[in-house]
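Asks: let me see the structure of the following:
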Amino acid sequence: MTKNNLTTIQKGYLHRRNRWMIVTSLLVILTLILSTTMLLLGNTRYPLEVVLRVLMGEEIRGASFAIGTIRLPRMLSGLLVGIAFGIAGSTFQTMLRNPLASPDIIGVTSGSSVAAVFCILVLELSGSIVSIAAVITGLIVAILIYLLSKGGSFSGGKLILIGIGVQAMLSAVISYLLLRASQYDVPGALRWLSGSLNGMQMSSIPVLFLIVFIFGLVILLLGRHLKILELGEQLAITLGLNANQTRILLVLSSVFLIAFATSVTGPVAFVAFLAGPIAGRLIGNGTSNTLPAGLVGAILVLGADLIGQYAFDTRFPVGIITGILGSPYLLILLIQMNRRGGSS
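Replies: Have a look, this model is predicted:
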């Protein structure tokens, strides 16, 4: 390899790294702006100085309750859930090399949703018990999808098809439960299914933060292995990577993120589906997509919640807004994939 070739490679590497750092920094700044805006806005608008004083622990009549009890848990849950959905969705899409391989497309979030709806409508439970049931069922469904797709040899396409089939079945179960339930219980289940930041409490934040930190860190540390898996299983094995062990770690970490995030806010539609592709377009090829995807996920959730709360006469849950944003992209993606399939 000549010196000129080495110089070109080094320049390309520096360009990709600088672009990644600039884009990630801008995403962090935008996330901070949206987070701050959520603390400032409400029925009563407080200046930034008052918000900072409340966050420092000062008791201010009216402001302490509005900011510390209502707005801060809402903002933190939206931030953490968005990061969880973004990282998990990007990991699935990269690992399976398919933009349709998002947890809310292949049935992982539907597993959590079935458990939550069953607990709310049939068992008449609420609170942490519903969250625990949602997490456990989400994990069970994810493991079942993975095991079914692993028959013979692992195939990303097989996993996606099985996941879509499982999601259709679970969606039918949810519809049945809603139809059979008392009309007085249905609104609570529908609020959960729509994906909402309403009623968030600080008590749920520490566990959510711990889960996002631990499993998000695991995925970040496996970032290089994830890029190798993206090249294909045979090449990954040739390069000395234990593909099965790495894939299991990535799948379990992603599923824990999705399940816990879903158990807190419900299935916020299309955040996991959109975050990875948007982040990929921003940072380009050749660099890790994990952290930018997490930040894009947070921006989508925070931004959609602000739009749903203040852009219309009626207040809409965050999942309604993200669903409106994600549906056109899904249709466009399916049309593009159909054209590529038809021309090949």
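Asks: how many neighbours does L147 have?
Replies: By other CB atoms under 10 Å, the residues close to L147 number 10. To be clear about C-beta, it is placed using only N, CA and C from the backbone, and glycine gets the same treatment.
Asks: give me the element it is part of.
Replies: helix 128-149 (DSSP states H and E).
Asks: next structured bit after that helix?
Replies: helix 156-180.
Asks: could you check the angle that next one makes with helix 128-149?
Replies: With axes from the mean of the first three to the mean of the last three CA atoms, to 10 degrees defining the directions, helix 156-180 sits at 140 degrees from helix 128-149.
Asks: tell me what helix 156-180 is packed against?
Replies: When contacts are defined as 3 or more CB pairs under 8 Å, 6 or more residues apart in numbering; DSSP states H and E, helix 156-180 packs onto helix 72-96, helix 108-121, helix 128-149, helix 186-194.
Asks: quick one: mean pLDDT over the second one.
Replies: Averaging pLDDT along helix 108-121 gives 83.
Asks: quick one: A261 and F85 touch, right?
Replies: Yes: using CB atoms under 8 Å, A261 is in contact with F85, at 5.7 Å.
Asks: list the buried residues for the helix or strand harbouring K11?
Replies: Using DSSP H and E, K11 sits in helix 3-40. Across helix 3-40, burial judged by 16 or more other CB atoms under 10 Å covers W20, V23, T24, L27, L30, T31, L34, S35, M38, L39.
Asks: that older thread, buried stuff in the helix holding L147?
Replies: In helix 128-149, counting by 16+ other CB under 10 Å, buried: 130-131, 133-135, 137-139, 141-142, 145-146, 149.
Asks: show me how far it is from its chain's centre.
Replies: When C-alpha coordinates are averaged (CA atoms, centre = their mean, to the nearest Å), helix 128-149 and its chain have centres 16 Å apart.
Asks: so for that helix, mean pLDDT?
Replies: 82.
Asks: and stretch 309-321, how far apart are its ends?
Replies: 10 Å (CA to CA, to the nearest Å).
Asks: and the contacts of that stretch?
Replies: 41, 78, 191, 194-198, 265-269, 301, 304-305, 307-308 (CB atoms under 8 Å, 6 or more residues apart in numbering).
Asks: buried subset of the residues you listed, written for PyMOL?
Replies: Command for PyMOL, covering only those of the contacts of stretch 309-321 found buried under the criterion 16+ other CB under 10 Å:
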select buried, resi 78+191+194+195+196+197+265+266+267+268+269+301+304+305+307+308
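Asks: filter the contacts of stretch 309-321 down to just the ones in helices.
Replies: Residues of the contacts of stretch 309-321 located in helices (DSSP state H): G78, R191, S194, T265, V301, A304, D305, I307, G308.
Asks: wait, W192 sits on V117?
Replies: Yes: if you go by CB under 8 Å, W192 and V117 touch, sitting 7.3 Å apart.
Asks: give me the more crowded residue out of these two.
Replies: V117 (28 against 24).
Asks: for that one, what are its contacts?
Replies: Per CB under 8 Å, 6+ apart, neighbours of V117: I174, L177, L178, A189, W192, L193.
Asks: where does the stretch 201-344 of the chain have low pLDDT?
Replies: 231-237, 239-240, 337-338, 340-344 (pLDDT under 70).
Asks: that one: strands as residue ranges?
Replies: Ranges of strands within the stretch 201-344 of the chain: none, based on DSSP state E, counting those that start in this stretch.
Asks: skip ahead from the helix holding K11 and say which helix or strand is next.
Replies: Next along from helix 3-40, by DSSP H and E: helix 48-55.
Asks: average model confidence for the helix holding K11?
Replies: Averaging pLDDT along helix 3-40 yields 84.
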